[in-house]
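Engineer: Have a look at this fold, sequence not included:
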């Protein structure tokens, strides 16, 4: 039997989620105990871990920070393989979008330069995006993005391989 390797789920959310809400979500989503989770702002990780023993291993390690443009925050969740077995990357994005009423961008197997966005209702779009520093702006999507009428609709993005 092959053991699933540790991995990371990273993405962008249209909603800035508080650390308390994010903590509750991750504990529920991965069905882990509080002591198995580290969560902290990306700019304060070293400070937050200062008093934590180097022997401690977290099953899930999440950092987040505020961003700009069409998204409000980015997140990066490193997880043990057993957690990836429980919740896959797409399922994680769907749960996040539904829980927080946000659209969530993530990448998995899309062609270079394209991404997947999960809408709050669980539907999936392929999108193209410009990014500069901490600013992320969608410029094309395979269907309208609620609240963002300026984004060009291009169903042909599904055809790009």
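Structural biologist: Yes, it's here. Computed from a prediction, not measured in an experiment: that's the story for all the values here.

Engineer: Now find how far off-centre the helix or strand of the chain with the lowest mean pLDDT is within its chain.
Structural biologist: Every helix and strand of the chain was ranked by mean pLDDT, DSSP states H and E. The lowest is helix 45-49, at a mean of 93. Mean-position distance between helix 45-49 and its chain equals 21 Å (Cα atoms, centre = their mean, to the nearest Å).

Engineer: Also stretch 25-44?
Structural biologist: On Cα atoms, centre = their mean, the centre of stretch 25-44 falls 13 Å from that of its chain.

Engineer: Enumerate the positions of it that are buried.
Structural biologist: Neighbour-count burial for stretch 25-44 flags 25, 26, 27, 29, 30, 32, 36, 37, 38, 39, 40 (criterion: 16 or more other Cβ atoms under 10 Å). C-beta here means a position set from N, CA and C on the backbone, and glycine is covered the same way.

Engineer: Dump those into TSV; add distance to residue 100 as well.
Structural biologist: Listed next are those as TSV, based on distance: Cβ to Cβ, whole Å:
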residue	distance to residue 100
25	8
26	12
27	15
29	12
30	16
32	19
36	22
37	17
38	20
39	15
40	19
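
Engineer: mind putting those residues in a markdown table, secondary structure, distance to residue 134 and pLDDT included?
Structural biologist: As requested, these are exported to a markdown table (DSSP: H, G, I helix; E, B strand; the rest coil; distance: Cβ to Cβ, whole Å; pLDDT from 0 to 100):
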| residue | secondary structure | distance to residue 134 | pLDDT |
| --- | --- | --- | --- |
| 25 | helix | 22 | 98 |
| 26 | helix | 22 | 98 |
| 27 | helix | 27 | 98 |
| 29 | helix | 25 | 97 |
| 30 | helix | 27 | 97 |
| 32 | coil | 29 | 98 |
| 36 | helix | 29 | 97 |
| 37 | strand | 25 | 97 |
| 38 | strand | 22 | 97 |
| 39 | strand | 19 | 97 |
| 40 | strand | 17 | 96 |
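
Engineer: Quickly run through the sheet partners of the helix or strand following the least confident helix or strand of the chain, with directions.
Structural biologist: Once the chain leaves helix 45-49, the next helix or strand it forms, by DSSP states H and E, is strand 60-66. Strand 60-66 sits in its sheet next to strand 37-41 (parallel), strand 73-79 (antiparallel), going by DSSP bridges.
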